[in-house]
Each structure stands twice: as C-alpha cells, then as structure tokens.
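[1] need a 3D model of the following:
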Amino acid sequence: MVPIAVLASGHGTNLQALVDAARDYRVACVISDRRGAGALARAEADGIPATFVDPAAFPDRASFDTEIDRLINAHGARFVVLAGFMRILGSAFVHTWQGKMVNVHPSLLPKYRGLDTHRRALAAGDCEHGASVHFVTDELDGGPVILQATVPLRAGDDVASVAARVQAQEHRVYPFVVQLLAQQRVTLSPDGVLLDGRRIDAPLRVDAATDLACVAA
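    Next comes the predicted model:
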C-alpha cells in the first residue's frame, strides 16, 4: 500500500472518499491549515494522523511550506493529494513534489480556474460542467489534466444542485486517479501525462454512467 499525504482545508468529503476507496494506497497523514477543519475530525475518526499547521505561526509562506514538507516526509508519504486545500503552495514545494502531487478542481479545466466555478458555469449558459483531476504545477489550476468527469447542466439548476452533482463525481473519480498513481500507471513526463508509458493527447473523460474499470483498461 503506497502511503499518501492528504492536504485539506474543509469538510473532508473528498478525503473520506479517498479513505473509503483505498486499495493500492493508504492515507498516511492528513494536514490542514484550518484548526476546525472537518477533514481533521474525519482523519482522527479513522485513526489517521491528523495535524493542524497554523499559517500565522510562520514568518512567511516558505517556512509554512517547509513544515508541511517535513510532516509529509515524516509519515513516509510518496504522493501529495490536495483535497480542498485552499492555500497556495510555493514554487519550491511544488517543484519538490512535481509529478507526485495532484488536485481535483470543480470545473472542466481550462475553464473556470479559481473560485466560484459553478456560478460561473451557470452564468455562461454552459450545457455541461464537471471536475478535473490534474497534476499540480506553479500555474494555479493549470497543471496537466489527467481525467475529467462531466455532468449535465439542466434547466432549473442552481449552484447547490450543480455542486452536489459535481461533488458526487469528484468522490468517484479522485480515488480512481490516486489508485492509478499508486500503481505507477499514470505519470508526468516532460511530454505530458503518460498512461502505462504512453502519452495521452487529451484528458481521460468520463461521465456518471462510465464504468471506471474500463477507462484505463
């Protein structure tokens, strides 16, 4: 079982999905920048080491990142999985974990980087929306995308209904991609994302009806 570190700032629903679906990996530690984050409580309930790291206790972002890196290594984690981690990590940290750190973003990147993605998709009149799992780089929400899960946007949708639909897909596909990472089937090279050693020209794309077992077969 490949140990991973999960960084989370919020309720921890993606963390829970990762824990519940773990097969070729295990969550070795959970780290949060928010003292009362639900992710910490979820980790503790599952017997996973959980640590709050207060950004205010450090003189700068680099010092904060160094402490995060120390904790990750202390738990022997080989990959870093961002699960609703709302703090931007510095270049040195990102470069250290290049190709070994992933994030899930609630849009079909490159559309709607940043915040408030569901409202922006609705305002644009889009027919579909979704979530993207991508490698993390220095560019905010701009790293190479591994997989995208699409959801339809329907008449009468609001932010809450869209968010629920997208989150359900995040909970399904994020553990799947992390499993591929743990199996070393998905890697990052200078040429882009590789699946089983071959470059994929576009992100893997699924919807709610897709059998994930067939996606990377």
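[2] what sits against the spatially most central residue of the chain?
    Of all residues in the chain, the one closest to the mean position by C-alpha atoms, centre = their mean is residue 103, 2.7 Å from it. Contacts for residue 103 were tallied using C-beta atoms under 8 Å, 6 or more residues apart in numbering; they are 82, 85, 133-134, 136, 141, 143. Where C-beta positions appear, they are placed from N, C-alpha and C, glycine not excepted.
[3] now, which of those residues lie within strands?
    Counting by DSSP state E, those place 82, 133-134 in strands.
[4] how about the helices in this protein?
    13-21, 38-45, 61-74, 91-96, 117-123, 159-182, 212-215 (DSSP state H).
[5] show me which of the contacts of residue 103 are buried.
    Buried members of the contacts of residue 103, counted by 16 or more other C-beta atoms under 10 Å: 82, 85, 133-134, 136, 141, 143.
[6] kindly reformat those residues as a markdown table containing pLDDT.
    Listed next are these as a markdown table, based on pLDDT from 0 to 100:
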| residue | pLDDT |
| --- | --- |
| 82 | 98 |
| 85 | 97 |
| 133 | 98 |
| 134 | 98 |
| 136 | 98 |
| 141 | 92 |
| 143 | 96 |
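[7] rebuild those as a markdown table, extending it with distance to residue 10.
    Below are the buried ones among the contacts of residue 103 laid out as a markdown table (distance: C-beta to C-beta, whole Å):
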| residue | distance to residue 10 |
| --- | --- |
| 82 | 11 |
| 85 | 9 |
| 133 | 17 |
| 134 | 19 |
| 136 | 17 |
| 141 | 17 |
| 143 | 21 |
